[in-house]
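# Next one to model:
(one chain, ligands or ions: 1)
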Amino acid sequence: MKNNIDMFPTGFKEILAETEQTGFNQLSDPLPGSLLSTLAATKPNGHFLELGTGSGLSTAWLLHGMDASSSLTSIDHDNELVSIAKRHLGHDPRVQLMVGAGEELILKTKPDSIDFIFADTWPGKYNHLEETLSLLKVGGMYLIDDMQAQDSWSDEHRDKANQLIQYLETRDDLLLTKLSWSTGIIICTKILSPAT
Ligand SMILES: C[S@@+](CC[C@H](N)C(=O)[O-])C[C@H]1O[C@@H](n2cnc3c(N)ncnc32)[C@H](O)[C@@H]1O
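Numbers count the residues shown, from 1 in each chain. As a prediction, the model looks like this:
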């Protein structure tokens, strides 16, 4: 079986072409994008949160999997990148594309209200993690990528990533799967903590 993708969501190719002009080099990989669509489709009428919109590539994948009554809030602090996402995805009434600090959105969002979180930036992954996980409903999913160690990583980043994995593993209210695939994916589903 080949890891190839032959279908790209609405807006994806246009966003990619425009983003390449900007020199932005943290573009998401298409493989986790395809996984995002597949998992998004398991949450009909779902509330989705994306931390780190970038120019909207992963946003396009999420929207592709979401049903018509689902909604997605996505935030990034880079106005230029979010403008690209707005140009190509902003017509979709299911998505709210915000420019701002992910930390503030996390703190403003009601706990126990989100069905699916894609955390693709510092807040929600390397900071404000506990607050982010508290936003998930029971049955809700939390997904992160870029977890496979890279030669280019600093020792500091390697330690941070290891600490993040260890922390997620200690939570008794998360069922976790680590996939050594694509950039290294971790998927967690929130369950009732045995203590509750
Ligand atoms: C890995 S990139 C996101 C890639 C994007 N998901 C995609 O599909 O191409 C991380 C993004 O986080 C944004 N970012 C970094 N710190 C942030 C913060 N504190 N709040 C909001 N966005 C932030 C950056 O501007 C960058 O676009």
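# check contacts around the residue in the chain positioned nearest to the ligand.
Proximity of the chain to the ligand (C-beta to the nearest ligand atom) peaks at Gly54, 2.8 Å away. Placement of C-beta: from N, CA and C, glycine included. If a contact means C-beta atoms under 8 Å, 6 or more residues apart in numbering, then Gly54 has Thr19, Phe24, Gln26, Leu27, Ser28, Asp76, Asp78, Leu81, Ala85, Asp120 as its contacts.
# for it, helix, strand, or coil?
State at Gly54, reduced to three classes by DSSP: H, G, I helix; E, B strand; the rest coil: coil.
# Quick check: the gap between it and Glu156.
Taking C-beta to C-beta, to the nearest Å as the measure, Gly54 falls 23 Å from Glu156.
# can you check Arg94 too?
Arg94 sits 38 Å away from Glu156, going by C-beta to C-beta.
# Compare neighbour counts for those two and give me the winner.
Taking neighbours as other C-beta atoms under 10 Å, Arg94 and Glu156 compare with Arg94 leading, 15 against 8.
# Nearest spatial neighbour of the spatially most central residue of the chain, chain-adjacent residues omitted?
Per C-alpha atoms, centre = their mean, the C-alpha nearest to the average position across the chain is that of Phe118, at 1.9 Å. Closest residue to Phe118 apart from its sequence neighbours, by C-beta to C-beta, 6 or more residues apart in numbering: Glu50 at 4.8 Å.
# What is the neighbour count of the one you found?
Neighbours of Glu50 (other C-beta under 10 Å): 29.
# same deal with Leu31?
Neighbour count of Leu31, defined by other C-beta under 10 Å: 17.
# isn't it right next to Ser182, touching?
Yes - taking contacts as C-beta atoms under 8 Å, Leu31 lies within contact range of Ser182: 3.8 Å.
# list residues touching both of these two?
Asn3.
# three-state assignment of the nearest residue to Lys178 once chain neighbours are set aside?
Spatial nearest neighbour of Lys178, excluding adjacent residues (C-beta to C-beta, 6+ apart): Ile186 at 5.3 Å. Following three-state DSSP, the label given to Ile186 is strand.
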